[in-house]
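# structure of the sequence below:
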Amino acid sequence: MPDSVRVRLNGESIRVPAGVSVAACVFLSGKTALRTSVTGEPRSALCGMGVCFECRVTINGSANRRSCLVNVREGMVIETA
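Prediction:
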């Protein structure tokens, strides 16, 4: 298993440790919000185990994926809202 993988986050290519969750990948990039609420408030991972749905992102074109449940893979494309 490689030590790190390259992913595309909001159009930017970044390298992150292999095996981390997509949520951790976003946080490691320096971003603190994963999406915004309907009223414009920043939202982020709350429970970290897939119960709350606060960490939804688009992964490889598939919307509303819970980023805390998916591990990064080489070449993955991640879009936060």
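
# check what pLDDT K31 gets.
If you check K31, the pLDDT there is 94.

# doesn't T80 make contact with it?
Yes: using Cβ atoms under 8 Å, K31 is in contact with T80, at 6.7 Å. Any C-beta I mention is one placed from the backbone N, CA and C, and that applies to glycine too.

# just read off the phi/psi values of L28.
phi -60, psi -30 (degrees, to the nearest 10).

# what do you get for F27?
According to degrees, to the nearest 10, the main-chain angles of F27 amount to phi -60, psi -40.

# burial of it, as a residue count?
17 (other Cβ atoms under 10 Å).

# can you map out the helices along this structure?
22-28 (DSSP state H).

# low pLDDT regions in it?
1 (pLDDT under 70).

# the residue nearest to V70 when sequence neighbours are not counted: what's it in contact with?
Distances taken as Cβ to Cβ, 6 or more residues apart in numbering place V22 nearest to V70, at 4.8 Å, with adjacent residues excluded. Applying Cβ atoms under 8 Å, 6 or more residues apart in numbering, we find V22 in contact with 57, 59, 65, 67-68, 70-72, 76, 78.

# what ranges do the strands span in the chain?
Along the chain, counting by DSSP state E, strands occupy 4-9, 12-17, 35-36, 42-43, 56-59, 62-66, 77-79.

# point out the most buried one among the ones you listed.
Of all these, strand 56-59 carries the top mean neighbour count, a mean of 20, counting by mean count of other Cβ atoms under 10 Å.

# sheet partners, orientation included, of that strand?
Strand pairing for strand 56-59, using DSSP bridges, gives strand 62-66 (antiparallel), strand 77-79 (antiparallel).

# CSV for the ones you listed, including distance to S37?
CSV is the format used below for the strands paired with strand 56-59 (distance: least, Cβ to Cβ, whole Å):
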stretch, distance to S37
strand 62-66, 14
strand 77-79, 17
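
# so A45 sits against E54, correct?
Yes: using Cβ under 8 Å, A45 makes contact with E54 at a distance of 6.2 Å.

# any residues in contact with both of these two?
L34.

# and those two? Which one has more around it.
A45 (21 against 18).

# so what's S13 bridging to?
If you apply DSSP bridges, the partners that S13 bridges to are R8.
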